[in-house]
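In: sequence and predicted structure are below.
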Amino acid sequence: MAGTKDKIVSMADRLVRTKGFNAFSYKDISAPLDIKNAAVHYHFPAKADLGIEVVAHEIALFTGNTGKWAHLPEDEQLSQLFNVFRRYNSEGNICLMGSLATDFETLSPDMQAKVQEMGGIILQWLTNCLEQGRKNKRLHFKGDADARALMIISNLQSSLLLSRVMGPSAFHRIADQLLEDLCQK
């Protein structure tokens, strides 16, 4: 049954990124997986339980990736983060935090806390990367690293949304300019 649970989480993740958390039902998960709704309810009695698991999975992926990138110079670590967003763009997805932000006020308090935890982890890593990159003269920017981290993540998230309306090139133009601005001396 562990395989079924993983497939449910994966399908839910895809639905959150393409339709939004409040726009899908357990039937949207069970039908393509060819399982009964009861199987989804067995693993996740409430939709918030499923949402929390989707966010927890994303946190695990992010921390795993950043651990793999830790040996790289900071500009290359930042480039790896941008590559994650490039993959989202090529798949027609938006990032999980960006998608859940639109539904945030309707999420359960436990799920809200998990989304905030995810945001905090991402922003802390990005802030540290920026601070260390500036110290090592690999990244260049004015102002506080935490404010710059907020600007970067908000630009990446919004560029994924814009690419839905204006085409994938909108994302590439924004992401490329962001990286160029940070890596210039």
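Out: Okay, I see it. Numbering: from 1, shown residues only.

In: show me the shaky parts of this structure.
Out: Screening the chain residue by residue with the criterion pLDDT under 70, one finds the ranges 1-2, 185.

In: what's the longest helix in the chain?
Out: helix 109-135 (DSSP state H).

In: packing partners of that helix?
Out: The criterion is 3 or more CB pairs under 8 Å, 6 or more residues apart in numbering; DSSP states H and E, and the helices and strands that helix 109-135 contacts are helix 47-69, helix 74-91, helix 96-103, helix 145-166. Backbone N, C-alpha and C define where each C-beta goes, glycine included.

In: give me the buried positions along that helix.
Out: 111-112, 114-115, 118-119, 122-123, 125-131, 133-134 (16 or more other CB atoms under 10 Å).

In: can I get the helices and strands packed on helix 109-135 in JSON lines including distance to Ile35 and mean neighbour count?
Out: Listed next are the helices and strands packed on helix 109-135 as JSON lines, based on distance: least, CB to CB, whole Å; neighbours: other CB atoms under 10 Å:
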{"stretch": "helix 47-69", "distance to Ile35": "14", "mean neighbour count": "17"}
{"stretch": "helix 74-91", "distance to Ile35": "24", "mean neighbour count": "17"}
{"stretch": "helix 96-103", "distance to Ile35": "23", "mean neighbour count": "20"}
{"stretch": "helix 145-166", "distance to Ile35": "30", "mean neighbour count": "17"}
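
In: please list the residues outside stretch 69-89 that contact it.
Out: Counting contacts by CB atoms under 8 Å, 6 or more residues apart in numbering, the residues outside stretch 69-89 that touch it are 17, 65-66, 94-95, 126, 129-130, 132-133, 136, 138-139, 156, 159-160, 163, 168, 171-172, 175, 178-179, 182-183.

In: repeat that with 7 Å
Out: Outside of stretch 69-89, the residues within contact range by CB atoms under 7 Å, 6 or more residues apart in numbering are 65, 94-95, 129, 132-133, 136, 138-139, 156, 160, 163, 168, 171, 175, 179, 182-183.

In: now that stretch - C-alpha only, PDB.
Out: Listed next in PDB are the C-alpha coordinates belonging to stretch 69-89 (Å, rounded to 0.1, in the frame of the first residue of the first chain):
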ATOM      1  CA  TRP A  69      24.000  21.600  -4.100                       C
ATOM      2  CA  ALA A  70      25.900  22.500  -0.900                       C
ATOM      3  CA  HIS A  71      29.300  21.800  -2.400                       C
ATOM      4  CA  LEU A  72      28.700  24.100  -5.400                       C
ATOM      5  CA  PRO A  73      29.600  27.800  -5.400                       C
ATOM      6  CA  GLU A  74      26.700  30.000  -4.500                       C
ATOM      7  CA  ASP A  75      26.000  31.300  -8.000                       C
ATOM      8  CA  GLU A  76      25.700  27.700  -9.200                       C
ATOM      9  CA  GLN A  77      23.400  26.800  -6.200                       C
ATOM     10  CA  LEU A  78      21.200  29.700  -7.200                       C
ATOM     11  CA  SER A  79      21.200  28.500 -10.800                       C
ATOM     12  CA  GLN A  80      20.100  25.000  -9.600                       C
ATOM     13  CA  LEU A  81      17.200  26.600  -7.800                       C
ATOM     14  CA  PHE A  82      16.200  28.400 -11.000                       C
ATOM     15  CA  ASN A  83      16.500  25.200 -12.900                       C
ATOM     16  CA  VAL A  84      13.800  23.700 -10.600                       C
ATOM     17  CA  PHE A  85      11.500  26.500 -11.600                       C
ATOM     18  CA  ARG A  86      12.500  26.100 -15.200                       C
ATOM     19  CA  ARG A  87      11.300  22.500 -14.900                       C
ATOM     20  CA  TYR A  88       8.000  23.600 -13.500                       C
ATOM     21  CA  ASN A  89       7.700  26.000 -16.400                       C
END
